[in-house]
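J.: build me a model from this:
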Amino acid sequence: MNDVRFRALPAVEPLVERALAALAADGPAGDAPPRALVVEAARAILAAERAALTTDPAAAVEAEGDRLQRIVERARSLARPRQERVINATGVVLHTNLGRAPLSKAARRALDEAARGYLSLEYDVAEGTRSKRALGVEDWLVRLTGAEAALAVNNGAAALLLAVWVLGQGREVIVSRGELIEIGGSFRLPDILARAGAKLVEVGTTNRTRIDDYRRAITPQTALLLRVHPSNFRLIGFSERPAREELAALAREAKLPLVEDVGSGALVATEDFGIEHEPTVAESLTGGADVVTFSGDKLLGGPQAGLIVGRREWIARLERDPLARALRVDKLTIAALEATLAAYADPAVARRDIPALAQLAAPAGALADIAAALARAIREALDEAASGASGAIRGLEVEVVPAASEVGGGALPGASLPTSAVALTWTGRTASALERRLRLGRPPIVARIREDRVLLDARTLMFEDPSEVARLVRAAVIGA
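T.: Predicted coordinates for the structure are as follows:
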């Protein structure tokens, strides 16, 4: 450490003061990162520089201005929330990595009301007594699905876990091999059932399971029959599984409950959107399922939640179990969920006001108009910037092209929705380079690449401001 290069490195405190001054000069004091993060950034930058000098005898001490800039940038990065708004241009409506279903205006208002102060979470205002949590959610679920009772927990996997834990713990749960799926995040259905303390009994084969396979597997130790939505897995061709009604009849004959996980929680007919039919929650109940579990943030279009509906006797058992307390939903989820469900009182209102449904239902003509307006806004933004940029902008080809959107979220994996997209081709640069620059903007635009062009899908951009998207595209190109 006697190397003269190390002695040239500044002390932390003077460096921090200079960085704070640079941040203050860049904007209002309230926008600057807190001092603690500037100190953390300075120490990290200096440590990295020391490590480089130690391992590389030829390395030189960094220029003071460059070091200061790196500290400022790192401090800003540390201060930036990890959860930030992004603009979804991928065309995947229920994008799991981007938070799945965007919330409706009514749900966002309900969130604001719930967050701004106290609320009647477990309090009956009319009676002045303690009340049950999520009563409004349960009332709407019963009203909309025809179930006898309902319960809400914190996600779809938790809903299935609770059902199997309470109704199948220590006993046998019969399920088709073709339904032993793995869902997002490497969570496997057999692992969930094992955690619930149930003994898994697999019947049939991967591609074909018949009702007699279930019948032969029933023993005095059988607790329930389980039917599982295949999520984003499909068997095409030589495949078979019993109808729900067949399983329900067998369950009644054996005096067992039939539990069905329907996955995405569709409350309206998806064929109205021009895509294949997705079984609705009401269909599962009328088809004979005793307990039905599903998600709140997929086709239902609300916040993350696990919803359970069914016969009163079974739901009451789930509700009384201590695990239900551990998996319960918080006040913000309840507020957003109740507002989302209320829109379904009129299916036409739901299709209009719930963003995920509106995106799925968007007609081809409307999407073409949205893409054309966005392309026009991008060209105008580039022309405006070019007029005062002294040739700093390199050519960007902008055109409207036909494309295909996806539902996402594990729902209807084979479904393809015709859409219009704005295709961006950057002269002399790869599509990957432009995609990265768009992704690093503020807010980020998350797009997809097809045939070495960046596509901005109108379906998932239909609620965005075209001028904002155009500004971000311009910034990405100018920053080249």
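J.: mind checking the SS state of residue 111?
T.: Secondary structure assignment for residue 111 (DSSP: H, G, I helix; E, B strand; the rest coil): helix.
J.: what are the contacting residues of stretch 424-444?
T.: The contact list for stretch 424-444 (Cβ atoms under 8 Å, 6 or more residues apart in numbering) reads 84-87, 89, 378, 394-398, 445-447, 449, 452-456, 472-473, 475-477, 479-480. Every C-beta, even on glycine, is put in place using the N, C-alpha and C of the backbone.
J.: next step: the residues you listed restricted to helices.
T.: Using DSSP state H, the subset of those located in helices is 378, 472, 473, 475, 476, 477.
J.: how far away is the last one from residue 90?
T.: I take that to be residue 477. 20 Å (Cβ to Cβ, to the nearest Å).
J.: all helices of the stretch 101-250 of the chain, in order?
T.: Counting by DSSP state H, counting those that start in this stretch, the stretch 101-250 of the chain has helices at residues 105-115, 135-145, 156-168, 189-195, 211-217, 244-253.
J.: what is the burial count for residue 17?
T.: 13 (other Cβ atoms under 10 Å).
J.: secondary structure element for it, which one?
T.: Assigned by DSSP states H and E, residue 17 falls within helix 12-26.
J.: what comes up buried for the helix or strand containing residue 42?
T.: Assigned by DSSP H and E, residue 42 falls within helix 35-55. Residues 37, 38, 39, 40, 41, 42, 45, 46, 49, 53 are the ones in helix 35-55 that count as buried (16 or more other Cβ atoms under 10 Å).
J.: could you tell me the least trusted of the helices of the stretch 101-250 of the chain?
T.: If these are sorted by mean pLDDT, helix 189-195 sits at the bottom with a mean of 80.
J.: gap between that one and the chain center?
T.: Its chain's average C-alpha position is 23 Å from that of helix 189-195, according to Cα atoms, centre = their mean, to the nearest Å.
J.: what does it contact?
T.: 157, 160-161, 164, 168, 173, 175, 179-183, 200, 226, 228.
J.: same deal with stretch 338-354?
T.: Contacts of stretch 338-354 (Cβ under 8 Å, 6+ apart): 101, 103-107, 109-110, 136-137, 140-141, 143-144, 267-268, 272, 296, 300-303, 357-358, 361.
J.: change it to 7 Å
T.: Under the criterion Cβ atoms under 7 Å, 6 or more residues apart in numbering, residues 104-107, 110, 136-137, 140-141, 144, 267-268, 300-302, 357-358, 361 lie in contact with stretch 338-354.
J.: show me which of those are buried.
T.: For these, buried by 16+ other Cβ under 10 Å: 104, 106-107, 110, 136-137, 140-141, 144, 267-268, 300-302, 357-358, 361.
J.: coming back round to it: let's see which of the contacts of stretch 424-444 end up in strands.
T.: Using DSSP state E, 87, 396, 397, 398, 445, 446, 449, 453, 454, 455, 456 are the members of these that sit in strands.
J.: may I ask which of these has the most neighbours?
T.: residue 456 (30 neighbours).
J.: thought that residue was touching residue 447?
T.: Yes: with contacts counted by Cβ atoms under 7 Å, residue 456 reaches residue 447, the gap being 5.7 Å.
J.: who touches both of those two?
T.: By Cβ under 7 Å, 6+ apart, the residues touching both residue 456 and residue 447 are residue 89.
J.: pretty sure residue 72 is in a strand, no?
T.: No: applying three-state DSSP, one finds residue 72 to be helix, outside a strand.
J.: what's the burial count for it?
T.: Around residue 72 there are 21 residues (other Cβ under 10 Å).
J.: confidence score at it?
T.: 93.
J.: next: residue 32.
T.: 85.
J.: show me where the stretch 201-350 of the chain has its strands.
T.: For the stretch 201-350 of the chain, the strands defined by DSSP state E, counting those that start in this stretch cover 222-228, 258-263, 291-295, 306-310.
J.: out of the ones you listed, which one sits most buried?
T.: Of all the strands of the stretch 201-350 of the chain, strand 291-295 has the most neighbours on average by mean count of other Cβ atoms under 10 Å, namely a mean of 30.
J.: who are the packing partners of that one?
T.: helix 156-168, strand 258-263, helix 281-286, strand 306-310 (3 or more Cβ pairs under 7 Å, 6 or more residues apart in numbering; DSSP states H and E).
J.: how does it look with 8 Å?
T.: helix 156-168, strand 258-263, helix 281-286, strand 306-310, helix 312-320 (3 or more Cβ pairs under 8 Å, 6 or more residues apart in numbering; DSSP states H and E).
J.: partner strands of it, parallel or antiparallel?
T.: Sheet pairing here is set by DSSP bridges, and for strand 291-295 it gives strand 258-263 (parallel), strand 306-310 (antiparallel).
J.: just the CA trace of that strand, in PDB.
T.: Output in PDB follows, covering the C-alpha atoms of strand 291-295 (Å, rounded to 0.1, in the frame of the first residue of the first chain):
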ATOM      1  CA  VAL A 291     -64.100 -25.900  -3.700                       C
ATOM      2  CA  VAL A 292     -62.700 -23.700  -6.500                       C
ATOM      3  CA  THR A 293     -59.400 -21.800  -6.200                       C
ATOM      4  CA  PHE A 294     -58.100 -19.100  -8.600                       C
ATOM      5  CA  SER A 295     -56.000 -16.000  -8.800                       C
END
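J.: that strand vs helix 135-145, what angle?
T.: If you take axes from the mean of the first three to the mean of the last three Cα atoms, to 10 degrees, strand 291-295 sits at 110 degrees to helix 135-145.
J.: now do strand 291-295: distance to the chain's middle.
T.: Per Cα atoms, centre = their mean, the centroid offset for strand 291-295 relative to its chain is 18 Å.
J.: and the contacts of that strand?
T.: With contact meaning Cβ under 8 Å, 6+ apart, strand 291-295 is reached by 145, 147, 155-156, 159-160, 163, 167, 257-265, 281, 284-285, 300, 304-311, 314-315, 318, 409.
J.: angles on the backbone of residue 255, please.
T.: phi 60, psi 50 (degrees, to the nearest 10).
J.: quick one, what contacts it?
T.: Residue 255 touches nothing, counting by Cβ under 8 Å, 6+ apart.
J.: repeat that for residue 79.
T.: Residues near residue 79 by Cβ under 8 Å, 6+ apart: 33, 34, 37.
J.: one more time with 10 Å, if that's ok
T.: For residue 79, the contact set (Cβ atoms under 10 Å, 6 or more residues apart in numbering) comprises 23, 31, 32, 33, 34, 36, 37, 38, 41.
J.: ditto for residue 107
T.: 101, 301-303, 335-343, 353-355.
J.: how about 6 Å then?
T.: Contact analysis of residue 107 by Cβ atoms under 6 Å, 6 or more residues apart in numbering lists 336, 339, 340.
J.: what's the answer for residue 41, then?
T.: Counting by Cβ under 6 Å, 6+ apart, residue 41 has contacts 71, 74, 75.
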